[in-house]
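# quick one, structure for this:
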Amino acid sequence: MNPIRKKRLIIVLFLVFGVAAAVGLALVALQQNINLFFSPTQIAEGEAPVGQRIRGGGLVVAGSVNRDTQSLKVHFEITDGAKSVPVEYVGILPDLFREGQGIVAQGAMREDGVFEAVEVLAKHDENYMPPEVQEAIDKAGHPTKSTES
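Numbers count the residues shown, from 1 in each chain. Take a look at the predicted model:
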């Protein structure tokens, strides 16, 4: 084989493997950052993967908020009107967090069926409902004020 052709072949192969490695690393990074939204009904029915980062959202069930007096741990339930899911969160809740309000939480499902949240986001005014939460509530057959007006 001609030395010039051999050199070109090595360069082309190096570029192909370099591009393949870059694409592979990009796909792995993107896959780790994907967190899908699940409604309380989907979570309760076992559709949410255990141990994988997901988003879950719904309305905070009235009377379900239980704060630990010795730490920042909070237990509460979220519902879409059909089913409820227990949530455990350690940290400072948003100022707008309250019972009966729509929230979206990021975290992972545990083996015992509890959603362990690492971040809790609350709606920012009286008329706003996160789109995912609103859609989950509507699918469960319990429309809220924001869809009726």
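# gap between G81 and D138?
As for G81, its distance to D138 is 9 Å (criterion: C-beta to C-beta, to the nearest Å). To be clear about C-beta, it is placed using only N, CA and C from the backbone, and glycine gets the same treatment.
# ok, these two, which is more surrounded?
Neighbours were counted for G81 and for D138 using other C-beta atoms under 10 Å; G81 has more, 19 against 15.
# so the more buried one sits in a strand?
No - per DSSP: H, G, I helix; E, B strand; the rest coil, G81 lies outside any strand segment and is coil.
# let me see the confidence value for it.
pLDDT for G81: 85.
# please look at it and A140 and confirm they touch.
Yes - using C-beta atoms under 8 Å, G81 is in contact with A140, at 4.4 Å.
# what's across from the residue nearest the centre of the chain in the sheet?
Nearest to the mean C-alpha position of the chain, counting by C-alpha atoms, centre = their mean, stands R55 at 1.5 Å. Beta bridges link R55 to F37, Q106, judged by DSSP bridges.
# just list the residues touching it, thanks.
By C-beta atoms under 8 Å, 6 or more residues apart in numbering, R55 lies in contact with N35, L36, F37, F38, V104, A105, Q106, E132.
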